[in-house]
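Provided below for reference: sequence and predicted model.
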Amino acid sequence: MRPPEPKKTDRTSARKPAAFRIDEDEAETPAAAPLPLRRSPQSFDEAVVMTPDEFDPFLSEKAPDEATSLIVPEPHKKRFSFGKLAAGAFGILLSLALGLWTDQLIHDLFSRADWLGYTAIGAIAIGILAVLALAGRELAGLFRLAAVQSLKTDAEAARLAGGPKPARAVVDRLLTLLSSRAETAKGRATLKATEGEIIDGPHLIDLAERELLAPLDRQARALILGASKRVSVVTAVSPRAIVDLLYVLFEAARLVRNMAELYGGRPGALGMVRLFRDVLAHLAVTGSIAVGDSLVQQVLGHGLASKLSARLGEGVVNGLMTARIGIAAMDLCRPLAFRALKRPGIGDFIGDLTPSFTGNGK
């Protein structure tokens, strides 16, 4: 018997193998970029000048003076100031005119009566002595302010040194500075009793800060609060903005002077100008001079926005600004930085400026 033949399947894709020929022209893709056009070589009619490398300012290390002058600009030379010359000449002329006028005045007074001439000479002598005394007082005030700042710097250096000897020297200078303040009598007695004891330098300075500066800090807080309250009331009832500005400046200047006198500075007129400038610089550096966002956030944080009227809210903001000026003056005039004691912040005065709205006035 024969085996059964396999069944034929209907395969449409079945075909015999075959060979195909691919031409090169057909193998190229239609998206191929065309070849660039070629041109024949040409010659230049003009002569080409090549710059040597040693004269190239971008390649050589030492360029000539012409290239160097193009790259590095010359420094600006100070010109002669004709304005300063004119000011000096007119100042000398004015001094000579004043001297001649005084001499002629004395001669005229002597020609009329001797006692008039001697009276004029006595008045001039008194005026010169008063000017000298004023200059001496201003210099003494500047020296006192410099001594306070030097004491603060030496105290920080003594803390870093750690030994008792530099700390004891700082405490002695602090005792001399505050010897005229009656509030520090108890603290001075306590520090005198520790002279024979062995205390670390930083601990000794902290003890001096707590014993000597704590009562003065309480008075400084009272000065800041009083000035802030006065500014708040006056600016709330004042009808003119110029009155608000002038009164704020007056209270700020008086607060800075009182703060300096409290901590032993006692500045004169020139010292006061310098101290007020330093206070404004301190406010600018610490970012505390901005009255807008931070003060508004502090007021809003206490829920006062819906309770204060426009004028009263303006008075509160001006009072807080005065408090910030007082805190900055406290930082500058204090002979020791805040270490052992807590530095007052603007939040310590908000409740006192608005007692009836925060519940502190009960």
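Arrived safely.

show me where pLDDT drops low in this protein?
Of all residues in the chain, those with pLDDT under 70 make up the ranges 1-15, 18-78, 285-311, 313, 354-362.

again, 80 this time
For the chain, residues meeting the criterion pLDDT under 80 lie at 1-80, 196-199, 238-239, 241, 265-266, 268, 280, 282-316, 347, 350-362.

give me the longest helix you can find in it.
Longest helix in the chain by number of residues (criterion: DSSP state H): helix 114-161.

what packs against the following helix or strand past that one?
Following helix 114-161 in sequence order, the next helix or strand is helix 164-177 (DSSP states H and E). Contact partners of helix 164-177 among helices and strands, from 3 or more Cβ pairs under 8 Å, 6 or more residues apart in numbering; DSSP states H and E: helix 114-161, helix 185-193, helix 201-208. Yep, even glycine has a C-beta here, placed from its N, CA and C like the rest.

buried stuff in the helix or strand harbouring Ile350?
Assigning secondary structure by DSSP H and E places Ile350 in helix 347-353. The neighbour-count check on helix 347-353 (16 or more other Cβ atoms under 10 Å) flags 349-350, 352-353 as buried.

likewise stretch 209-224?
By neighbour count, with 16+ other Cβ under 10 Å as the criterion, the buried positions of stretch 209-224 are 209, 211-213, 215-217, 220-221, 223-224.

please identify which pair of those lies farthest apart.
Glu211 and Ile224 (22.1 Å; Cβ to Cβ).

Trp342 in helix, strand or coil?
One thing to correct before we go on: residue 342 is Lys, not Trp. Following DSSP: H, G, I helix; E, B strand; the rest coil, we place Lys342 in the coil state.

still on that earlier bit, now for the helix holding Ile350, which elements pack on it?
Under the contact rule (3+ Cβ pairs under 8 Å, 6+ apart), helix 347-353 is packed against helix 214-237, helix 293-301, helix 310-333.

out of those, which is closest to Leu109?
Nearest to Leu109 among the helices and strands packed on helix 347-353 is helix 310-333; the distance by Cβ to Cβ comes to 48.3 Å.

what's that closest one packed up against?
In terms of contact count using 3+ Cβ pairs under 8 Å, 6+ apart, helix 310-333 is assigned the packing partners helix 214-237, helix 241-262, helix 269-286, helix 293-301, helix 347-353.

can you list those helices in TSV and add distance to Asp154?
Rendered in TSV, the data for the helices and strands packed on helix 310-333 read as follows (distance: least, Cβ to Cβ, whole Å):
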stretch	distance to Asp154
helix 214-237	19
helix 241-262	19
helix 269-286	19
helix 293-301	34
helix 347-353	29
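
of all the ones you listed, which one is nearest Lys16?
Comparison of the helices and strands packed on helix 310-333 against Lys16 by Cβ to Cβ identifies helix 293-301 as nearest, at 89.0 Å.

now the buried residues of helix 347-353 in JSON lines, with distance to Pro166?
Putting these into JSON lines (distance: Cβ to Cβ, whole Å) gives the following:
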{"residue": "Phe349", "distance to Pro166": "36"}
{"residue": "Ile350", "distance to Pro166": "40"}
{"residue": "Asp352", "distance to Pro166": "39"}
{"residue": "Leu353", "distance to Pro166": "42"}
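
could you identify the most distant pair in the residues you listed?
Ile350 and Asp352 (7.4 Å).

correct me, but Ala323 touches Gly347?
No: with contacts defined as Cβ atoms under 8 Å, Ala323 does not count as touching Gly347, sitting 9.9 Å away.

mind listing what the closest residue to Phe276 other than its chain neighbours touches?
Once flanking residues are discounted, Phe276 sits nearest to Val256: 5.5 Å by Cβ to Cβ, 6 or more residues apart in numbering. Residues in contact with Val256, defined by Cβ atoms under 8 Å, 6 or more residues apart in numbering, are 272, 275-276, 279, 325-326, 329, 333.

go on, Val273?
Residues in contact with Val273 (Cβ under 8 Å, 6+ apart): none are found.

from Leu145, how far off is it?
Computed as Cβ to Cβ, to the nearest Å, the Val273 to Leu145 distance reads 11 Å.

picking up where we left off before, tell me which of the buried residues of helix 347-353 is nearest to Val316?
Within those, proximity to Val316 (Cβ to Cβ) peaks at Leu353, which comes in at 5.7 Å.

give me the nearest residue to the closest one, chain neighbours excluded.
Spatially, and ignoring its direct neighbours in sequence, Leu353 is nearest to Gly319 (4.9 Å; Cβ to Cβ, 6+ apart).

next, count neighbours for that neighbour.
Applying other Cβ atoms under 10 Å, we find 29 residues neighbouring Gly319.

got it, and the one 4 residues further on?
For Ala323, the number of neighbouring residues by other Cβ under 10 Å comes to 28.

next one: the one 5 residues further on
Residue crowding around Ala328 was assessed by other Cβ under 10 Å; the count is 23.

where's the residue nearest to Phe276 relative to Leu174, distance?
For Val256, the distance to Leu174 (Cβ to Cβ) stands at 21 Å.

kindly report the same for Arg230.
When distances are taken as Cβ to Cβ, Arg230 and Leu174 turn out to be 31 Å apart.

more neighbours: which of those two?
Higher neighbour count among Arg230 and Leu174: Leu174, with 26 against 17, using other Cβ under 10 Å.

report the contact partners of that one.
151, 208, 212, 335-336.

just among the residues you listed, which is most surrounded?
Busiest of the contacts of Leu174 [other Cβ under 10 Å] is Ala208, holding 27 neighbours.

right, and it touches Val171 too?
Yes: the pair formed by Ala208 and Val171 meets the contact definition of Cβ under 8 Å, at 4.8 Å.
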